[in-house]
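# Build the 3D model from these lines:
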Amino acid sequence: MDKYTGKRLDGRYEIHELVGVGGMALVYRAYDTLDQRVVAIKILKDEYLHNAEFIRRFKNESKAIALLSHPNIIKVYDVSFGDQIQYIVEEFIDGITLKQYLDQQPGVDWHKALYFTTEILQALQHAHERGIVHRDIKPQNIMVLPNGHTKVTDFGIARFARSETRTMTDKAIGSVHYIAPEQARGDLTDEKADIYSVGVMLYEMTTGQLPFEAENAVSVAIMQLQTDPCPPRQINPDIPMGLQEITLKAMQKDPMQRYQSAAEMLRDIELFRQNPTIRFNYQYYSGDNSTRYVDSDATAEVDPQSGYSDDYVYTEDGEAGAQAGTKTKTRNKAPFIAAGIAAAFAVVALILLLTGVFSSQQKITIGNFVGKTLAAVEANNPNNFQFEIKYVTDSTKDAGLITAQDPTAGTSVAAGSKVTLTVVKSVDAAIVPDVANQSKSAAEQTLRASGLIATFKEQSNDTIASGNAISTDPAAGTSIEKGKTVTVYISTGPGELSVPNVAGQTLDQATATLTNAGFKVAASAQDNTGKEANYVTGTSPSAGSSAKKGDTVTILYSSGRNEREIKVVVQLPANVNHSIALAYYIDGERKGDATVNPTSNNTWTGQFKDSSGVKELLVELDGQSYVKYKLDFGTGNWVISWQGSYKDPQASSAPSSTPAQSQPQQSTPASTPAASSSAPSSSPSTSAPAEGQ
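Numbers count the residues shown, from 1 in each chain. Now for the predicted structure:
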């Protein structure tokens, strides 16, 4: 047992167990007895307690970091500046690191990679706006929660780890695959160094590999300084060109040619999310003369006039025998001259780097671990050795004791090297089996066969089928006592996502946005929205709602049909005491009929809908043209354009019946124009409608 487990810090924090060991700190799960919550406590290793510069920075800046408050940043609850112990109290995260996530499912779908990148950038933008630069962004410092969201960790330690301002220490070497070139050179850094690291992580997630890999950290750092990464699409052709351009812009070696802020990178990501076929066509100034640029594919130089160049200079050919006006191409010597100068500087820089900047990578003599316990060695690992454990059974030795090591004690190795330790496992110990992708019941049986008890927790996962095991805690291959409980994480399928707000976009834009967010899309046209065609009014489920990746989101959009209703009140003829057959026509087309009786009701009301234009309404009574109207669906008004009379067939000797009022009342607002009372000089035919058809 290490010296902190089981202790209580400041009479408040009960330390339960060691859950992680980093290059700078030991991480414990603890219980805050005052606020009654589980917390994580990072205790700085003893070797940093006597570094005055480190302690000064820790005290000055930890308070500022504790002020960070963002859903994608781990919360810092408390700090302590004691003489014998320095620690930070953070929220306890029940999740895995992005590094573990990528190890479990390499080759993340680019939609998921973009989702992670967006949340990380939002966290960094929050920190950068408050003057805090992380300086150690890498998958090991990103936590993936069971709900699929991420949290950026280690702001405190990463911020203070560089006690030197211009020297890359062994702590930076540990993150050399993700550090910006200016960090590798030991220059002062700002928020653009974090942007570079995010670009490397995006590269790794979409291609399944790091942009620079070599046998040792020094070689990788030199590649960060001098080597351009292989374009991601050459590794994974499924990556859209726009996403490759975003990735490579974030990874530009010159900080001034990168995104200048997290917000700027987020803007391009949002444009790409809305239209995955977008091209940004970035151009980067090459620095060797005023007219040379490098395009965003990093494969050709671009002439600002023509937009194309293949690294040759075209000149008019004046040699004898050449066709007049033709051009020959001669190799441009400027790049080679510049390359020679750059190479000379690179040699000088390399000498300085190897003798000064990377002095911390000089060989060290490995100590003797044999006879010590594994827990003690892991808790005190100042050289960041990567321990590989081989378990053996030996009834003559205590469980957990190291019996052999490779390389052996006294060997010269580099910090961070892999060291294989042979460790005694208890006769009552079991090795946690790998149950990934097994069903819940099969995983339980597998663990039971190893003498272990299974308990289950659900966790969303984009690649493991729902109901199958993702991983275990402790991890597969760990030696634990038989009868102990192993937590098995069972996939619930893709994690829940928040439905984006696409209201106000066009139908095509909204479809692209939702598809890029991981949803299937349906569409439903809506009439009478008051908006033009294809204008998106909302979604079902609504924006901000939670839905699983792959769920269908229905886009509600305007059909462009915004109908207006007009009500027309027709005054029936007076002195008629029997039923009359009424028919009505719109622009000559019969639309309906009714039977009316003026004795019981002296009016008939018609309701008509259309989206625009002026229509003519003709009303017939017993086949006689009776009255005509002009219906203006643009304004909602109507007027009488012609008024006839009704000849009662049952009273042939009686005079023709006329409406009770010469001008019927309108059903439109008070602003409606007055109805016309004009009528033609002759009466309409009493046969089938003639006028107005």
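# what residue ranges in the chain score low on pLDDT?
Segments of the chain classed as low confidence (criterion: pLDDT under 70) are 1, 23-24, 53-67, 106, 156-174, 284-362, 426-428, 652-693.
# Just confirm T247 is within a strand.
No - secondary structure assignment (DSSP: H, G, I helix; E, B strand; the rest coil) places T247 in helix, not in a strand.
# Please name the residues that touch it.
199, 202-203, 206, 232 (Cβ atoms under 8 Å, 6 or more residues apart in numbering). All C-beta spots, glycine's among them, are computed from the backbone N, C-alpha and C.
# packing partners for the strand or helix carrying T446?
If you go by DSSP states H and E, T446 is part of helix 440-449. Using 3 or more Cβ pairs under 8 Å, 6 or more residues apart in numbering; DSSP states H and E as the contact definition, the elements that helix 440-449 packs against are strand 453-459, strand 485-491.
# Parallel or antiparallel, which strands does the last one pair with?
Read that as strand 485-491. Using DSSP bridges, the strands paired with strand 485-491 are strand 453-459 (parallel), strand 469-473 (antiparallel).
# That one: which residues count as buried?
Applying a neighbour-count criterion of 16 or more other Cβ atoms under 10 Å, one finds 486, 488-491 buried in strand 485-491.
# Redo those residues as CSV? Include distance to Q226.
As requested, the buried residues of strand 485-491 are exported to CSV (distance: Cβ to Cβ, whole Å):
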residue, distance to Q226
V486, 47
V488, 46
Y489, 42
I490, 47
S491, 43
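# Among those residues, which one lies nearest to A180?
Each of the buried residues of strand 485-491 was checked against A180 using Cβ to Cβ; the closest is Y489, at 34.3 Å.
# hang on, the closest one packs against A475?
No - counting by Cβ atoms under 8 Å, no contact exists between Y489 and A475, whose distance comes to 10.9 Å.
# K42 touches I85, doesn't it?
No - in this structure K42 lies outside contact range of I85 using Cβ under 8 Å: 11.2 Å.
# Do a quick rundown of the strands in the stretch 51-200 of the chain.
If DSSP state E, counting those that start in this stretch is used as the criterion, the strands of the stretch 51-200 of the chain fall at 76-81, 86-91, 96-97, 142-144, 150-152.
# For G400, which of those is the nearest?
Checking the strands of the stretch 51-200 of the chain against G400 by Cβ to Cβ gives strand 96-97 as the closest, at 25.0 Å.
# Pull up the pairing partners for the closest one, direction included.
Each strand pairing with strand 96-97, determined using DSSP bridges, is listed with its direction: strand 142-144 (antiparallel).
# and the strand it pairs with, how far out from the chain's middle?
14 Å (Cα atoms, centre = their mean, to the nearest Å).
# swap in stretch 605-624?
Relative to the centre of its chain, stretch 605-624 is centred 55 Å away, using Cα atoms, centre = their mean.
# Tell me the buried residues in that stretch?
The neighbour-count check on stretch 605-624 (16+ other Cβ under 10 Å) flags 606, 608, 610, 615-622, 624 as buried.
# and those residues, which two are the farthest apart?
Pairwise distances across those (Cβ to Cβ) peak at 27.6 Å, for the pair D610 and D622.
# higher neighbour count, K42 and I85?
Of the pair K42 and I85, K42 is the one with more neighbours under other Cβ atoms under 10 Å, namely 22 against 14.
# The more buried one should be in a strand, yeah?
Yes - secondary structure of K42 (three-state DSSP): part of a strand.
# on that earlier part again, indicate which one of the strands paired with strand 485-491 is closest to E444.
strand 453-459 (4.4 Å).
# Name the residues of the closest one that are buried.
Applying 16+ other Cβ under 10 Å to strand 453-459 flags 454, 459 as buried.
# cool, and stretch 227-239?
Of the residues in stretch 227-239, those scored as buried under the neighbour-count criterion (16+ other Cβ under 10 Å) are 229, 231-233, 235, 239.
# Next: stretch 498-508.
Buried residues in stretch 498-508, defined by neighbour count with 16+ other Cβ under 10 Å: 499-500, 502-503, 505, 507.
# Those residues in strands, which ones?
When these are checked against strands (DSSP state E), there are no matches.
# Make a markdown table out of those residues and add distance to E388.
Supplementary listing: the buried residues of stretch 498-508 in a markdown table, determined by distance: Cβ to Cβ, whole Å:
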| residue | distance to E388 |
| --- | --- |
| V499 | 45 |
| P500 | 44 |
| V502 | 50 |
| A503 | 54 |
| Q505 | 52 |
| L507 | 55 |
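# Tell me which residue is most central in this structure.
For the chain, the residue nearest the mean C-alpha position is Y115 (2.3 Å; Cα atoms, centre = their mean).
# mind listing what it touches?
Contacts here follow Cβ under 8 Å, 6+ apart; on that basis Y115 touches 148, 497, 517-518.
# Now compare the residues you listed and name the two farthest from each other.
Spatially, the most separated pair among the contacts of Y115 is G148 and A517, at 12.2 Å (Cβ to Cβ).
# Number of residues surrounding E182?
Neighbour count of E182, defined by other Cβ under 10 Å: 19.
# Could you measure from it over to K253?
When distance is defined by Cβ to Cβ, to the nearest Å, E182 is 9 Å away from K253.
# what do you get for Q104?
With distances defined as Cβ to Cβ, the gap from Q104 to K253 amounts to 32 Å.
# cool, and T403?
Here T403 is placed at a distance of 47 Å from K253 (Cβ to Cβ).
# can you pull the alpha-carbon coordinates of the helix holding T446 into PDB?
Output of helix 440-449 as PDB, limited to C-alpha atoms (Å, rounded to 0.1, in the frame of the first residue of the first chain):
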ATOM      1  CA  LYS A 440     -23.600 -10.000 -21.200                       C
ATOM      2  CA  SER A 441     -24.300 -13.600 -20.200                       C
ATOM      3  CA  ALA A 442     -21.200 -14.900 -22.000                       C
ATOM      4  CA  ALA A 443     -19.000 -12.300 -20.300                       C
ATOM      5  CA  GLU A 444     -20.500 -13.200 -16.900                       C
ATOM      6  CA  GLN A 445     -19.700 -16.900 -17.600                       C
ATOM      7  CA  THR A 446     -16.200 -16.100 -18.800                       C
ATOM      8  CA  LEU A 447     -15.400 -14.200 -15.600                       C
ATOM      9  CA  ARG A 448     -17.000 -16.800 -13.400                       C
ATOM     10  CA  ALA A 449     -14.800 -19.400 -15.000                       C
END
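# List the buried residues of that helix.
Along helix 440-449, these residues count as buried under the neighbour rule (16+ other Cβ under 10 Å): 440, 443-444, 446-447.
# before we move on, the earlier item: what about T403 and K253, which has more around it?
Neighbours per residue (other Cβ under 10 Å) separate T403 from K253, with K253 holding more: 18 against 15.
# Mind checking what secondary structure that one has?
coil.
# Now do the same contact list for it.
Per Cβ under 8 Å, 6+ apart, neighbours of K253: 181, 224-225, 228.
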